[in-house]
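*Asks:* coords below, sequence missing:
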């Protein structure tokens, strides 16, 4: 299930029901969530373990039972720890804008007139109704069946109803923070890595795309992504290699070249650095 990508160019769900469900555990090829963004909103429910999630320049440490709401266009990535989590990705406008009585609420979100809270902890009693609505949403969308679309939409309406009833939002200020603008400068960088990871990529290339000096770019990238640019490039290449290893039977040397490594021994060393095992052991563990 190759859905975690930098700038997701796929449609989630179907045109008449734009909601998609994903289950992620340690056996998933995208278990370590690379930084990415998409036009849709995303709801994450932690089933077990913990997930350290980065949303633009914010860090969230979520545990079992917690729910995270990710807005459209937010760069996000995560580091799981023995974690199993589920995601529901949906386009809010076509999903909930059909009912006239609800349009004014959805417009507040889509026009960025309010900023929704993004983290709801299971241990807080105030969150109980919202968390129950999230559970009903995942129960409905997890296994499609007759009537599940109705149950899913009902749970979504209930979820956002709780958002407004409990005022889980703040009005946006007239002068937006500079942080989102700076994060936007990283989006073409991440997209360039996504497109060119198999080719030679230099720090000069990336800093030029971001419109920053190499020194400033390195400092900002590390602050936002928590890795240096070149470290993250190798991390992303290894993530791609994991996907190829789990979906093909290509030899390790060929996979190394496809993922931008000119030296297979360096590829094995780098792969083990990030994954804790060699590519061959990783492939055997997938069988």
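*Replies:* Nice, thanks for sending it over. It should be emphasised that the depicted structure is a prediction, and the values quoted were computed from it without experimental measurement. Numbers count the residues shown, from 1 in each chain.
*Asks:* Show the pLDDT at residue 16.
*Replies:* With respect to pLDDT, residue 16 has a value of 72.
*Asks:* what distance separates the helix or strand harbouring residue 206 from the centre of its chain?
*Replies:* Following DSSP states H and E, one finds residue 206 within helix 203-210. Computed by Cα atoms, centre = their mean, to the nearest Å, the chain-centroid distance of helix 203-210 equals 23 Å.
*Asks:* in it, what's buried?
*Replies:* By neighbour count with 16 or more other Cβ atoms under 10 Å, helix 203-210 contains the buried residues 203, 205-207, 209-210. The C-beta positions use only the backbone N, C-alpha and C, and glycine is treated the same way.
*Asks:* which among the residues you listed gets closest to residue 119?
*Replies:* When the buried residues of helix 203-210 are ranked by distance to residue 119 (Cβ to Cβ), residue 210 comes first, at 28.2 Å.
*Asks:* hang on, the earlier thing: what's the helix holding residue 206 in contact with?
*Replies:* Counting by Cβ atoms under 8 Å, 6 or more residues apart in numbering, helix 203-210 makes contact with 185-186, 188-189, 192-193, 213-214, 216-218, 220-221, 229-230, all of which sit outside it.
*Asks:* which ones among these are found in helices?
*Replies:* 185-186, 188-189, 192-193, 214, 216-218, 220-221, 229-230 (DSSP state H).
*Asks:* Of those, keep whichever come out buried.
*Replies:* Under a neighbour-count criterion of 16+ other Cβ under 10 Å, the subset of the ones in helices among the contacts of helix 203-210 counted as buried comprises 185-186, 189, 192-193, 217-218, 220-221, 229.
*Asks:* which intervals of the stretch 1-150 of the chain have sub-threshold pLDDT?
*Replies:* Applying pLDDT under 70 to the stretch 1-150 of the chain flags residues 1-15, 29.
*Asks:* quick one, strands of it?
*Replies:* Counting by DSSP state E, counting those that start in this stretch, the stretch 1-150 of the chain has strands at residues 19-24, 33-36, 41-55, 58-63, 67-70, 76-90, 114-116, 119-120.
*Asks:* related to what we said a few turns ago, now tabulate the buried ones among the ones in helices among the contacts of helix 203-210 in JSON lines and tack on pLDDT.
*Replies:* Written out in JSON lines, the entries for these read as follows (pLDDT from 0 to 100):
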{"residue": "185", "pLDDT": "83"}
{"residue": "186", "pLDDT": "87"}
{"residue": "189", "pLDDT": "93"}
{"residue": "192", "pLDDT": "93"}
{"residue": "193", "pLDDT": "93"}
{"residue": "217", "pLDDT": "94"}
{"residue": "218", "pLDDT": "94"}
{"residue": "220", "pLDDT": "89"}
{"residue": "221", "pLDDT": "91"}
{"residue": "229", "pLDDT": "95"}
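*Asks:* how many neighbours does residue 152 have?
*Replies:* Counted with other Cβ atoms under 10 Å, the neighbours of residue 152 add up to 25.
*Asks:* so it is in which element?
*Replies:* Residue 152 belongs to helix 148-165 when assigned by DSSP H and E.
*Asks:* hmm, who's touching that helix?
*Replies:* With contact meaning Cβ under 8 Å, 6+ apart, helix 148-165 is reached by 17, 19, 43, 90, 95-96, 102, 105-106, 116-117, 129-130, 133-134, 136-137, 139-141, 168-169.
*Asks:* For PyMOL, write the selection for the buried entries among those.
*Replies:* Here is the PyMOL selection string for the buried members of the contacts of helix 148-165, based on 16+ other Cβ under 10 Å:
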select buried, resi 17+19+43+90+95+96+105+106+116+130+133+134+136+137+140+141+168
